[in-house]
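Peer 1: how would this look folded up:
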Amino acid sequence: ILTTLKLFGSVSVAGKMNNKASSFLWNLRQFSTLIPRDKTVGFCGPKFVYSNWNPRNHPGNDFDNRIQSSRSSSTYLFQDAFIFKSGNDGFPTKGRSTLTVLTVDRLLCPRRLSFDSKHSVVFVGTLNNGLRKVNFHQEVSDEDVLTKEIKPTPISYQKLSKECNSLSDVLDTFSKAPAFPSSNYFTAMWTIAKRMSEEQKRCEKQLMFSHPAFNQLCEHMMREAKIMRYNHLLFSLHAMVKLGIPQNTLLVQTLLRVAQERINECDEKCLSILSAIIEAMEPCKNVQVLQAGLRILVDQQVWKIKRVFTLQAVMKCIGKDAPFSLKRKLEIKALSELDRFSVLNSQRMFEALAAMNHRSMVLLNECSKIVTDNVHGLPFKILINILQSCKDLRYQNLDLFKGTADYVAATYDIWKLKQVIFLLISFENLGFRPIGLMDMLMKKVVEEPESLNMKNIVSILHVYSALNHVYKCENKEQFLEVMASSVTGCLHHISSEHLLSVVFSFCLMNHFPLALVNQVLQKDVISELLASGRMRNVHKLHILNTCLKLDDTFSYKAIDLLLPQMPSAPLDPNTKVAEVLSSLLGGEEYFSKNVQLPHNYHIELNFEISKEVAVLCVPRSVYCLGSNHPRGLFAMKMRHLNVMGFHVILVNNWEMEQLEMEDAVTYLKSKIYSLEDLPAGDINLQSTY
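Peer 2: Model (predicted):
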């Protein structure tokens with residue numbers, strides 16, 4: 001060691017340090033990586049100790065000054081994060097010594113090795129323990145040595161994945177003649193695993209972990225992490241995560257920290273890989289630090305990104321808590337690339353925006369047009385991802401939803417029943433009622449009731465009742481009878497909660513199957529539902545009790561158990577409507593505000609002309625998207641208000657807010673006059689306008 005350092009020192013004195021500085025720093029980095037350890041480093045993190053040798057302690061060494069002047073801000077960010085500390089790191093640290101890292105900027109570390117000394121410690125992939133002392137003679141050229149000893153032809157992961165049929169085959173190849181870099185073996189194993197079925201993949205992973213060469217490969221990987229190319233490091237880390245290597249192992253955490261240290265080496269290709277790694281991993285301290293570094297890097301390099309795919313990969317991984325300024329930069333960059341968007345780019349943009357919780361209406365609208373125009377042939381998974389992203393972003397596009405529903409309805413026979421149900425659930429979450437598709441499913445259910453299982457039945461009833469779809473359907477009665485019969489056939493195998501969900505859905509549709517309602521009214525069933533402590537069960541039982549009292553259900557008795565009280569419905573008086581009604585009726589004393597009714601119902605305004613009139617001020621959410629069709633719970637409330645003797649006038653909040661007072665009076669007057677059985681002569685309307 002001293003001989004090597006002295007030689008480099010003498011070269012510096014002789015004025016040749018400028019030519020050899022890069023080689024010197026690279027050799028130091030390689031030496032610190034490959035120095036022998038007192039104990040073997042295992043996959044699961046056994047005890048290990050690194051040498052205390054430090055090049056900064058050598059007399060006359062100005063290493064610190066040169067490194068400090070060249071280190072970038074990002075390197076400072078991760079220098080301390082690369083030191084093993086006990087606790088809070090996401091992996092066990094018992095019995096482990098501190099690992100001190102020599103941080104060297106990539107600009108001072110070229111990949112090419114050169115030597116002026118006669119002896120040096122270098123890595124040779126085929127040697128025992130990865131270390132060997134190699135003699136160099138002055139008459140032998142450096143390039144010859146590199147060709148013969150340092151740079152054996154590495155085996156590519158493409159070749160490995162073609163020649164090997166299993167993960168164990170790759171490990172067998174490694175055990176026979178390990179070749180640099182070790183990352184190719186992990187990448188090859190993941191490439192092979194992607195071709196397997198889930199069951200085969202599970203078995204192969206078990207064999208991989210028990211293979212005698214696996215620990216050795218992990219050890220080689222950790223030794224080489226700081227000297228292999230950065231993209232190889234990231235490819236191997238991504239492969240490890242996908243292969244199911246536990247995230248809290250020493251191997252994965254070490255590579256995470258090396259990735260932090262060397263993040264300045266990230267080019268555009270590495271940005272994509274690094275983004276995929278962060279997206280695939282569970283949150284932990286090292287992942288969060290790496291994500292923070294990526295945000296800084298992207299903030300600096302966003303305008304240099306050339307590929308839309310890379311841009312979207314970065315958007316998916318920066319996180320929902322990323323600074324708004326960074327999200328806005330990425331949005332502007334994406335808008336500048338709109339004319340280069342492929343159909344696939346447009347499909348992926350929904351998920352990318354949802355991942356960082358940034359609703360860009362311009363991007364969403366433009367991508368919706370492209371997706372709608374090219375909806376035919378879209379895979380099921382992409383359709384679901386798009387609809388789920390729309391829900392997460394609170395984005396509603398009627399053309400997109402209608403185009404998707406029409407496509408599925410037109411190609412109904414190619415879809416599985418569970419796929420159609422998943423799509424309908426997604427549409428219901430968005431408040432959209434795909435009439436054609438729902439009619440088609442109703443027809444299929446009536447024709448083939450044997451195709452249903454209990455999970456399908458619960459989901460179908462939920463969607464159809466929530467969207468109030470069967471209200472005026474021709475085959476309404478057939479559909480309801482088939483569904484009720486299907487549930488009754490497996491009544492003794494259904495859970496209490498599923499049974500309550502089914503009966504609740506039937507209640508919304510004003511249908512009360514005798515066997516199902518009687519079963520849910522059993523005291524032991526109700527007690528079990530209340531014992532769960534879930535408020536949704538209490539809410540559904542209250543709805544059931546209300547329907548049994550108000551709807552045409554004379555053959556049933558109300559629930560005789562005392563149900564917990566539900567919180568009162570929120571009171572949000574519409575002052576503008578009250579002012580308009582006061583003008584029409586001649587004063588506030590002629591009507592009541594915020595009337596609380598039995599069964600936890602309330603109405604905003606109530607007045608009596610020849611009979612009671614209930615004014616309900618409603619938001620858009622009570623209707624199905626793009627229509628005036630009331631959704632399930634709201635339709636049931638209007639039904640019950642009619643049973644209680646009220647005529648219901650609906651006032652749309654968003655319409656009323658846009659009107660001037662004079663127009664608002666005219667609007668409400670027309671609503672009142674439109675009541676069919678209230679003759680105009682019986683209504684005493686006054687107006688100051």
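Peer 1: Only C-alpha atoms from now on, for both contacts and neighbour counts.
Peer 2: OK.
Peer 1: who are the neighbours in contact with the most centrally placed residue in the chain?
Peer 2: Nearest to the mean C-alpha position of the chain, by C-alpha atoms, centre = their mean, lies Ala355 at 5.9 Å. Shown in contact with Ala355 (C-alpha atoms under 8 Å, 6 or more residues apart in numbering): Met315, Lys316, Cys317, Gly319, Lys320.
Peer 1: For the stretch 501-650 of the chain, give me the ranges with low pLDDT.
Peer 2: Applying pLDDT under 70 to the stretch 501-650 of the chain flags residues 553-561, 568-573, 605-609, 611.
Peer 1: change it to 80
Peer 2: 533, 552-575, 585-591, 593-611 (pLDDT under 80).
Peer 1: For it, which segments count as helices?
Peer 2: Counting by DSSP state H, counting those that start in this stretch, residue ranges of the helices within the stretch 501-650 of the chain are 514-520, 523-531, 535-550, 575-585, 632-643.
Peer 1: These into a markdown table, with extra columns for distance to Leu461 and mean neighbour count?
Peer 2: Converted to a markdown table, the helices of the stretch 501-650 of the chain look like this (distance: least, C-alpha to C-alpha, whole Å; neighbours: other C-alpha atoms under 10 Å):
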| stretch | distance to Leu461 | mean neighbour count |
| --- | --- | --- |
| helix 514-520 | 14 | 17 |
| helix 523-531 | 20 | 15 |
| helix 535-550 | 14 | 18 |
| helix 575-585 | 37 | 19 |
| helix 632-643 | 11 | 18 |
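Peer 1: Of these, which is nearest Arg340?
Peer 2: For the helices of the stretch 501-650 of the chain, the distance to Arg340 is smallest for helix 632-643, at 43.4 Å, taking C-alpha to C-alpha.
Peer 1: Run the angle between the closest one and helix 535-550 for me.
Peer 2: Orientation check (axes from the mean of the first three to the mean of the last three C-alpha atoms, to 10 degrees): helix 632-643 against helix 535-550 gives 30 degrees.
Peer 1: on contacts alone, who are the packing partners of helix 632-643?
Peer 2: helix 454-466, helix 496-508, strand 647-652 (3 or more C-alpha pairs under 8 Å, 6 or more residues apart in numbering; DSSP states H and E).
Peer 1: Throw these into JSON lines and include mean neighbour count, thanks.
Peer 2: Below are the helices and strands packed on helix 632-643 laid out as JSON lines (neighbours: other C-alpha atoms under 10 Å):
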{"stretch": "helix 454-466", "mean neighbour count": "20"}
{"stretch": "helix 496-508", "mean neighbour count": "22"}
{"stretch": "strand 647-652", "mean neighbour count": "18"}
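Peer 1: Minimum distance to Val482: which of those has it?
Peer 2: Using C-alpha to C-alpha, the helices and strands packed on helix 632-643 put helix 454-466 closest to Val482, at 10.3 Å.
Peer 1: Contacts for the closest one, please.
Peer 2: Outside helix 454-466, the residues touching it (C-alpha under 8 Å, 6+ apart) are 418, 421, 424-425, 428, 470, 483, 486-487, 494, 498, 501-502, 505-506, 508-509, 631-633.
Peer 1: Between the two ends of stretch 602-618, what distance do you get?
Peer 2: One end of stretch 602-618 to the other measures 12 Å (C-alpha to C-alpha, to the nearest Å).
Peer 1: So which residues make contact with stretch 370-388?
Peer 2: With C-alpha under 8 Å, 6+ apart, stretch 370-388 has contacts from 343, 346-348, 350-351, 399-400, 403-404, 407, 419, 422-423, 426-427.
Peer 1: and those, which of them are in helices?
Peer 2: Among the contacts of stretch 370-388, the members found in helices (DSSP state H) are 343, 346-348, 350-351, 399-400, 403-404, 407, 419, 422-423, 426-427.
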